[in-house]
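Q: The sequence and its predicted three-dimensional model are supplied below.
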Amino acid sequence: GENVEQHPSTLSVQEGDSAVIKCTYSDSASNYFPWYKQELGKRPQLIIDIRSNVGEKKDQRIAVTLNKTAKHFSLHITETQPEDSAVYFCAASNDYKLSFGAGTTVTVRA
Amino acid sequence: DTAVSQTPKYLVTQMGNDKSIKCEQNLGHDTMYWYKQDSKKFLKIMFSYNNKELIINETVPNRFSPKSPDKAHLNLHINSLELGDSAVYFCASSQEGHSNTEAFFGQGTRLTVV
């Protein structure tokens, strides 16, 4: 089955700096790679996703890159703000299940 | 309107009891899921249903029995609850699997077995 590894497990950044989270996956059949943000006590919410036919996608301060050959993908958050503090999960999917990374707790220091 | 709603939000029960969690989505999606989030925040798929048919059962003990009476509902019944079942259970839905549209998650049910 799919195995997704995510690093780092915790990340502390100064407000205004960038944050980068990296994930690797094992199943070459995976074709969909979403990123979820989960605030304390809340549900996971999609912040950005990328499909295997695309190498990069950007949405305002958030960008995701995908390297299919190396089987890794990354989340980049620029100009971080205190409200970016949360747990971020990467995931890989081949249709009917999401295999999640272990999560990265991001803390933005004011 | 809440897209994916699950009830109850909190559930505290004794070992050995049987309990159910209900989930409903009003998005018109074909696929529904149950995910379990443990105390270390790790999210893992339990079941996937597409058009009321079971697609994935990810080695979940048979004490857990999902039921999908129609495409908009996927309920989870748990028999003989154990301490290790304590977790947050999330229902989710998407259109025709994960590869086509984003998955929307319910607010979660925090199950505590004492």
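A: Perfect, I can see it now.

Q: Next secondary structure element downstream of the helix or strand where residue B:34 lies?
A: Taking DSSP states H and E as the definition, residue B:34 sits inside strand B:31-37. Where DSSP H and E defines the elements, the next helix or strand beyond strand B:31-37 is strand B:43-50.

Q: Pull out the buried residues from the next helix or strand after that next one.
A: Toward the C-terminus, strand B:43-50 is succeeded by strand B:53-57 as the next helix or strand (DSSP H and E). Neighbour-count burial for strand B:53-57, counted by 16 or more other CB atoms under 10 Å in any protein chain shown, picks out B:55, B:56. Where you see a C-beta, it was placed from the backbone N, CA and C, and this is true even at glycine.

Q: Neighbouring strands - and their directions - for strand B:53-57?
A: Here strand B:53-57 has these sheet partners by DSSP bridges: strand B:43-50 (antiparallel).

Q: tilt between the partner strand and strand B:31-37?
A: Relative orientation of strand B:43-50 versus strand B:31-37 (axes from the mean of the first three to the mean of the last three CA atoms, to 10 degrees): 160 degrees.

Q: quick one: pLDDT of residue B:100?
A: You'll see residue B:100 listed with a pLDDT of 66.

Q: ok, now residue B:1?
A: Model confidence at residue B:1 (pLDDT) stands at 63.

Q: circling back to that earlier point, roughly how far is the strand holding residue B:34 from the heart of the chain?
A: Strand B:31-37 sits 5 Å away from the centroid of its parent chain (CA atoms, centre = their mean, to the nearest Å).

Q: can you tell if that strand touches chain A?
A: Yes - counting by CB under 8 Å from any CB of the partner chain, chain A has neighbours in strand B:31-37: B:31, B:33, B:35.
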